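# Sharing a model prediction with you, sequence too.
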Amino acid sequence: MRQSNEAGDGCETPADYEREHEASYWRRFYKQINFNEGSPFFEYTTSNHETPRLIIDIGCGDGRDSFAFARSGKQVLGIDRSDAGVDRAQRRSESEHLDAMLQFALCDVSDAPALRELITNTRGEMAGEPVCFYMRFFLHSIPEEVQDTLISTLTELARRGDMFAAEFRTDKDENNQHVFGDSHYRRYQNADDFSKRLSDEYRWRITFETEEKGLSPYKDEDPVLYRVIAVRP
Ligand SMILES: C[S@@+](CC[C@H](N)C(=O)[O-])C[C@H]1O[C@@H](n2cnc3c(N)ncnc32)[C@H](O)[C@@H]1O
């Protein structure tokens, strides 16, 4: 599905339908897939000496990059609305004895009060240290209004020195072949528009941005991605 507004399967609203359809897609996905290494975006972010010690991995899935960050010495909270992804990640964190560094929480980011509480408590446990809000392959997985809620909430809670790190597919990727098909939700947004809003409206200072192929090739696919690092001035 690219963007669906049709209710179905006995769901009451298009939003219910979207949630149900996507939940079962990601439940199946996380049963099949198993990445043992962090992504190239993790490598890029972790090599930046400015990256804070506390990472909030938003839309972490089954924790691929959350685990990589924890193993590199970061303190990590991974959040996702997929019960399958979060359950599996939390059990793995405990069995690998990483749970002092790495926790997971179930949260739908459209629920701003729940997100606010998670971020506030996590920062509190870390004595107010700066946070990196990390979002890999996440912003193309949520509708525009959910993205607006998310970025407004992060901006409201942000303090000087916090980092915003995101990588997502852009409109230049829409007509390419996708290894995992097109049966689940993806929103291909314009990188220049996103960049302008992040800096002019939300007032994050962009320190690095690029839109290109070659950032995260996988099997036969080399998606066009936008990668951005910004800091809270
Ligand atoms: C493409 S996966 C990315 C997973 C991970 N960041 C990675 O790079 O491997 C997108 C994830 O977004 C999650 N997601 C979608 N909508 C969400 C929402 N409203 N709140 C929280 N998580 C959501 C899905 O459950 C899925 O795990």
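Here it is on my side, so go on.
# Report the central residue of the chain.
Central residue of the chain (CA atoms, centre = their mean): Met135, 2.9 Å from the mean position.
# Need the contact partners of whichever strand or helix holds Phe133.
Take DSSP states H and E as the rule and Phe133 turns out to sit in strand 131-136. Strand 131-136 is contacted from outside by 39, 41-42, 45, 51-52, 54-59, 65, 69, 119, 122-123, 154, 158, 162-168, using CB atoms under 8 Å, 6 or more residues apart in numbering. For the C-beta atoms, the positions are set from N, CA and C on the backbone; glycine is no exception.
# In which helix or strand does Ala70 reside?
Ala70 belongs to helix 64-71, assigned by DSSP H and E.
# Between strand 131-136 and that helix, find me the angle.
140 degrees (axes from the mean of the first three to the mean of the last three CA atoms, to 10 degrees).
# Tell me the residues of the protein that contact the ligand?
Within the chain, the positions adjacent to the ligand are 26, 39, 59-61, 64-65, 80-82, 85, 108-110, 136-138, 141-142, 146 by CB under 6 Å from any ligand atom.
# and those, which are buried?
26, 39, 59-61, 64-65, 80-82, 85, 109-110, 136-138, 141-142, 146 (16 or more other CB atoms under 10 Å).
# so which helix or strand takes in whichever residue of the chain sits closest to the ligand?
Going by CB to the nearest ligand atom, the ligand is nearest to Gly61 of the chain, at 3.0 Å. Using DSSP H and E, Gly61 maps to neither a helix nor a strand.
# Name the nearest residue to it, ignoring sequence neighbours.
In this structure, Gly61 finds its nearest non-sequential neighbour in Gly85, 4.7 Å apart by CB to CB, 6 or more residues apart in numbering.
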